[in-house]
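In: the following block contains a protein sequence and its predicted model.
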Amino acid sequence: SCDALKRELRLRHIDPHNGSLWMVALRDASMRNDRPLIDSALSRMAQSDRFDVYFISLGQRFLVALKRIPPPPGATGASADSLRQMQAMALVAAFVLPPMQDLVEACKPGNSVGDARRKICRAIADSLRHSDTLIVDLIGLRLQEWTARDAADKDDALARRRRLLWKMHQLNDVSGTAAMPPASQIGIMLAHKNEVDGINAMLLAAARPLDPPAHWQPPQRASASTLQTQH
């Protein structure tokens with residue numbers, strides 16, 4: 001019974017420059033297959049200056065709320081704090097990412113509709129690059145690759161995407177190990193304003209390089225699933 005369109009409209013009044021607050025409108029237009037409404041939502045996204053899904057800020061707010069209730073029996077001190085941090089981020093991870101596949105589908109090249117939106121999708125790519133979440137940043141780089149203004153623009157997108165995927169690869173290697181136990185990982189993430197900054201801090205704490213070696217290439221399977229481009 002939740003009126004998501006009405007809720008999204010209310011949020012736009014609070015955060016008018018955030019492109020993510022047109023995703024419900026885009027989803028609704030896509031479900032209706034209404035091209036003018038799709039183009040209208042895309043145009044509004046292109047005018048935004050960032051694309052935040054409130055990933056870290058929601059985690060911080062959940063953490064404040066969880067501190068107001070007693071921890072589970074036996075959890076005290078540092079263990080209770082760690083448990084609350086993990087619960088907070090689990091709540092965020094459960095629902096924070098909007099349905100990005102609608103945007104990917106609207107801007108996918110290779111057909112007359114997608115090609116006609118090339119300029120507007122390139123503007124959206126810039127907004128996505130200013131996100132608080134790594135996967136949104138990656139999708140922005142995919143759109144930049146698809147809609148590149150020239151060869152240098154495309155090369156920039158590919159290089160940035162490769163570097164982010166390297167960081168994900170390094171984080172997967174170190175997560176849950178003695179060098180980066182879950183409690184430390186979440187604590188570092190909650191201390192930063194966006195996910196990429198948190199990942200950088202985690203990798204530096206674990207003495208892992210932020211830049212890939214010259215020969216490294218991301219696994220194709222991982223990159224495809226990460227970008228939600230295969231449904």
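Out: Perfect, I can see it now.
In: flag the shaky bits of this structure, pLDDT-wise.
Out: Applying pLDDT under 70 to the chain picks out residues 1, 75-78, 221-231.
In: which ones are touching Asp126?
Out: With contact taken as C-beta atoms under 8 Å, 6 or more residues apart in numbering, Asp126 is in contact with Gly140, Gln144. From N, CA and C alone the C-beta is placed, and that goes for glycine too.
In: if we use 10 Å, what do you get?
Out: Residues in contact with Asp126 (C-beta atoms under 10 Å, 6 or more residues apart in numbering) are Gly19, Ala46, Ser48, Asp49, Arg50, Phe51, Gly140, Leu143, Gln144.
In: that one belongs to a helix?
Out: Yes. Assessed with DSSP: H, G, I helix; E, B strand; the rest coil, Asp126 lies in a helix.
In: picking that back up, just the contacts of Asp126 now: which is nearest Glu105?
Out: Ranking the contacts of Asp126 by separation from Glu105, with C-beta to C-beta as the measure, puts Leu143 on top at 11.6 Å.
In: quick one: contacts for that closest one?
Out: Leu143 sits next to 103-104, 106-109, 118, 121-129, 157, 227 when contact means C-beta under 10 Å, 6+ apart.
In: buried ones among those?
Out: 103-104, 106-108, 121-129, 157, 227 (16 or more other C-beta atoms under 10 Å).
In: elements contacting the longest helix belonging to the chain?
Out: If you go by DSSP state H, the chain has its longest helix at helix 151-174. Using 3 or more C-beta pairs under 10 Å, 6 or more residues apart in numbering; DSSP states H and E as the contact test, the elements touching helix 151-174 are helix 118-128, helix 134-146, helix 195-205, helix 220-226.
In: quick one: which of those is nearest Ser184?
Out: Among the helices and strands packed on helix 151-174, the nearest to Ser184 by C-beta to C-beta is helix 195-205 (7.6 Å).
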